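Chemist: Model the structure of this input:
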Amino acid sequence: MSILEVQNLSISFQQYTSGLKQKTTRVISSLDISLNEGEILAVVGSSGSGKSLLAHAILGILPDHAILSGTITYDGERLTPARQAALRGKEIALIPQSVTYLDPLMRVGAQVRTAVRNGDAAEKQRRVFEQYQLDPAVEKLFPFQLSGGMARRVLVSMAMVSGARVLIADEPTPGLDPAVMKEALRYFRELADSGAAVMLITHDIDSATQIADKIAVFYAGSTVEVAPVKDFEESGERLRHPYSRALWRALPQNDFVPIPGSQPKPGSLPEGCTFAPRCEHAVAACASVQPEMRELRGGMVRCVHAT
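Modeler: Predicted coordinates for the structure are as follows:
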């Protein structure tokens with residue numbers, strides 16, 4: 001059952017250039033995802049494709065000068081700013097990309113305990129620290145006394161003890177050693193198997209294929225494909241979008257074939273298909289009109305040529 005849906009999300013930022021002159025910069029053109037209870041949706045794409053902005057939009061923590069269009073619904077109801085504030089950290093929890101989200105003036109054990117909504121907070125904090133190989137003495141430390149990997153494990157711990165129905169993990173594994181990373185990924189899988197909905201934002205497609213049910217591929221502020229994880233195998237011939245196939249083939253363990261060109265910068269997004277300038281299948285119409293997301297072979301794709 002779908003618990004979180006994002007449809008045709010667009011994000012722009014209004015900025016002052018000189019004096020009182022303003023300009024509006026569009027950085028996200030069309031993001032579409034659907035997250036179901038009991039599943040992990042991995043969101044992959046290069047830097048600047050819109051992955052973290054999507055997480056911040058869902059939680060309602062974008063800066064004041066952000067302009068949004070499109071719809072975000074949670075449990076069948078539209079997410080308003082007031083509803084986002086009420087759900088944030090409770091039913092929808094974030095493992096942020098930056099460790100600066102920790103309160104610098106509060107000891108980390110106390111921070112984790114504040115995230116517990118039900119049960120013995122001290123016991124849950126102790127158990128989750130043990131699970132992520134954090135020494136009991138760490139709970140008395142302040143964030144500035146932690147290494148980067150330790151701080152990231154504290155952030156993961158806060159989300160894990162929250163009991164949230166939706167967990168958004170924004171690049172949760174950098175800085176973790178392989179054993180702890182494997183344990184964190186396994187726990188995400190256990191959370192989903194127990195009924196939670198998990199969105200894993202990552203550059204690491206290998207990690208995504210190990211635990212995800214579906215993978216959404218972002219490019220230049222748009223969702224170009226959502227595919228079952230089983231389609232990310234062999235040479236990627238079951239993938240629907242040219243960028244998804246190119247991204248898969250560019251991995252060292254696959255063909256290691258680079259994609260010519262570069263992703264357009266935010267503020268310089270093309271009017272039509274965002275991948276058209278780099279696509280060998282592009283025709284004139286691709287440069288003028290952005291395709292709609294459509295169902296195809298058990299997935300979703302934004303491409304008129306996909307079959």
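Chemist: how about the strands of this protein, start to end?
Modeler: For the chain, the strands defined by DSSP state E occupy 2-16, 22-36, 40-44, 66-74, 77-78, 92-95, 166-170, 197-201, 214-219, 222-228, 294-296, 299-301.
Chemist: Pull up the pairing partners for the third one, direction included.
Modeler: On the basis of DSSP bridges, the sheet neighbours of strand 40-44 come out as strand 197-201 (parallel), strand 214-219 (parallel).
Chemist: again with the fifth one
Modeler: Partner strands and pairing direction for strand 77-78 (DSSP bridges) are strand 66-74 (antiparallel).
Chemist: Could you point out which of the strands of the chain sits nearest residue 52?
Modeler: Proximity of the strands of the chain to residue 52 was assessed by C-beta to C-beta; the nearest stretch is strand 166-170, lying at 5.5 Å. All C-beta atoms are positioned from the backbone trio N, CA, C, and that covers glycine.
Chemist: how much does the closest one deviate in direction from strand 66-74?
Modeler: Orientation check (axes from the mean of the first three to the mean of the last three C-alpha atoms, to 10 degrees): strand 166-170 against strand 66-74 gives 140 degrees.
Chemist: just checking, what packs against strand 166-170?
Modeler: In terms of contacts (3 or more C-beta pairs under 8 Å, 6 or more residues apart in numbering; DSSP states H and E), strand 166-170 is packed against helix 51-59, strand 92-95, helix 148-160, helix 178-193, strand 197-201.
Chemist: what's next to that strand, contact-wise?
Modeler: Contact with strand 166-170 is made by 3-4, 35, 51-52, 55, 58-59, 74, 91-97, 156, 159, 188, 191, 196-201, as judged by C-beta atoms under 8 Å, 6 or more residues apart in numbering.
Chemist: could you redo the last one with a cut-off of 6 Å?
Modeler: 4, 52, 55, 92-97, 159, 196-201 (C-beta atoms under 6 Å, 6 or more residues apart in numbering).
Chemist: Now residue 7: closest residue in space, sequence neighbours ignored.
Modeler: The shortest distance from residue 7 to any non-neighbouring residue, by C-beta to C-beta, 6 or more residues apart in numbering, is to residue 71 (4.9 Å).
Chemist: isn't the one you found right up against residue 6?
Modeler: No - with contacts counted by C-beta atoms under 6 Å, residue 71 stays clear of residue 6, the gap being 7.6 Å.
Chemist: Could you count how many residues lie near residue 48?
Modeler: The number of residues packed near residue 48 is 17, by other C-beta atoms under 10 Å.
Chemist: Next one: it relative to residue 55, how far apart?
Modeler: In this view, residue 48 and residue 55 are 14 Å apart by C-beta to C-beta, to the nearest Å.
Chemist: so what's residue 228 up against?
Modeler: By C-beta under 6 Å, 6+ apart, the contact list for residue 228 reads residue 214.
Chemist: Per-residue pLDDT of the residue nearest to residue 7, please?
Modeler: pLDDT for residue 71: 96.
Chemist: ok, how many other residues are close to it?
Modeler: Residue 71, neighbours per other C-beta under 10 Å, totals 12.
Chemist: Equivalent analysis for the one 3 residues further on, please.
Modeler: The number of residues packed around residue 74, counting by other C-beta under 10 Å, is 21.
Chemist: just residue 190 next, same as before
Modeler: Residues lying near residue 190 (other C-beta under 10 Å) number 12.
Chemist: mind checking how far it is from residue 131?
Modeler: As judged by C-beta to C-beta, residue 190 and residue 131 stand 11 Å apart.
Chemist: mind checking how far residue 152 is from residue 41?
Modeler: 21 Å.
Chemist: now do residue 278
Modeler: 25 Å.
Chemist: who's more crowded, these two?
Modeler: Between residue 278 and residue 41, counting by other C-beta under 10 Å, residue 41 is the more crowded of the two (24 against 19).
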